[in-house]
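Asker: Next input, structure requested:
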Amino acid sequence: MHLAPATIKKLYAKPEARPREALRAFRHYLQLPWWQRAVKRGFDIAVSLTAMILLAPLVPVVAFLIKRDSPGSFIYRQERVGLDRRSGKERRQSLNEVFGNDRRRTKSDRRHSVVELDSFVRPQGTPFTLLKLRSMFDDAESAGVLLTDPEDPRITRVGRLLRKYRLDEIPQFWNVLRGDMSVVGPRPERAGIIEEMLRGLRPDYRERLRFKPGITGLAQVSSGYDTSAFSMSDKLELDVRYINTYSLTQDFRICLKTFRVIFTGRGAL
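Answerer: So this is what the prediction gives:
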């Protein structure tokens, strides 16, 4: 994946170096027990089916407006990185290979950490095709991957309306039914951006992949668009809080906050 120079500049606008402490904290995270995963999956299926049935009459209207506003398909597809399906033991081994006990490492070992990091920065999550209703011009990423902001000139007139009320996310309920995503979880990101975050800013960023990515989440309803590494780092802290304090009740609360954002057209997400 090709990152546009402007994207790299934004990612490194306000870097924060807190790798090792956060990394050690992540090592102690446990996967959800099977019954919680089953309940969360049942919640995902019920919400997605309900949403797709209720919103089905709206999709043809929106598709017509998108194609009338600008040429190109009304569906936008992009590869994102999903759930890291490795076991906890495999993940810990990967972390130890790169950030092992410093006291046991020689100066020569630390000198070769860059080589180890090159293998570490490759995201281990499962790639999948994210679906959205197109809100930008068809050639919006011809110059490479760019971070988006609300005033982005690449956004079409209809796209601004879709983004304001989050209607561009409707097709992702199909991603949820397929098992690629969850209704609530950390937002899925592109592999190139994850690699840049891992390489020099937040080596713990990959641990977001321990949960299925979500259409909405604590970070989405609490913060705005990602415009730099600083904002992405802040969202990571919120993702950490969500993962550490996960409960179905919290998912319900996040969904209620999401409804408020959708119906008012104001707020984060």
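Asker: Counting neighbours, what do you get for residue 196?
Answerer: By the measure other C-beta atoms under 10 Å, the count of residues near residue 196 is 22. Where you see a C-beta, it was placed from the backbone N, CA and C, and this is true even at glycine.
Asker: which ones are touching the residue nearest to residue 234 when sequence neighbours are not counted?
Answerer: In space, and not counting its chain neighbours, residue 234 is closest to residue 223: 6.0 Å by C-beta to C-beta, 6 or more residues apart in numbering. Residues near residue 223 by C-beta atoms under 8 Å, 6 or more residues apart in numbering: 231, 234-235, 238, 268.
Asker: can I get those in JSON lines with pLDDT?
Answerer: Formatted as JSON lines, the contacts of residue 223 follow (pLDDT from 0 to 100):
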{"residue": "231", "pLDDT": "75"}
{"residue": "234", "pLDDT": "81"}
{"residue": "235", "pLDDT": "85"}
{"residue": "238", "pLDDT": "89"}
{"residue": "268", "pLDDT": "55"}
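Asker: And the residue nearest to residue 234, how close does it get to residue 208?
Answerer: Residue 223 sits 14 Å away from residue 208, going by C-beta to C-beta, to the nearest Å.
Asker: Then residue 166?
Answerer: Distance from residue 166 to residue 208, by C-beta to C-beta: 21 Å.
Asker: who's more crowded, these two?
Answerer: Shown here are residue 166 and residue 208; by other C-beta under 10 Å, residue 208 has more neighbours (29 against 17).
Asker: buried subset of the contacts of residue 223?
Answerer: With burial judged by 16 or more other C-beta atoms under 10 Å, the buried subset of these is 231, 234-235, 238.
Asker: Show the model's pLDDT score for the residue nearest to residue 234.
Answerer: With respect to pLDDT, residue 223 has a value of 74.
Asker: what do you get for residue 206?
Answerer: In this prediction, residue 206 carries a pLDDT score of 75.
Asker: From the contacts of residue 223, which land in helices?
Answerer: Among the contacts of residue 223, the members found in helices (DSSP state H) are 231, 234-235, 238.
Asker: which one of those residues sits closest to residue 204?
Answerer: Using C-beta to C-beta, residue 235 comes nearest to residue 204 of these, at 12.9 Å.
Asker: nearest spatial neighbour of that closest one, skipping sequence neighbours?
Answerer: Among residues not flanking residue 235 along the chain, residue 219 sits closest, at 4.0 Å (C-beta to C-beta, 6+ apart).
Asker: so where does the one you found fall, helix or strand?
Answerer: Per DSSP states H and E, residue 219 falls inside helix 218-222.
Asker: what residues are up against residue 257?
Answerer: With contacts defined as C-beta under 8 Å, 6+ apart, the neighbours of residue 257 are residue 221.
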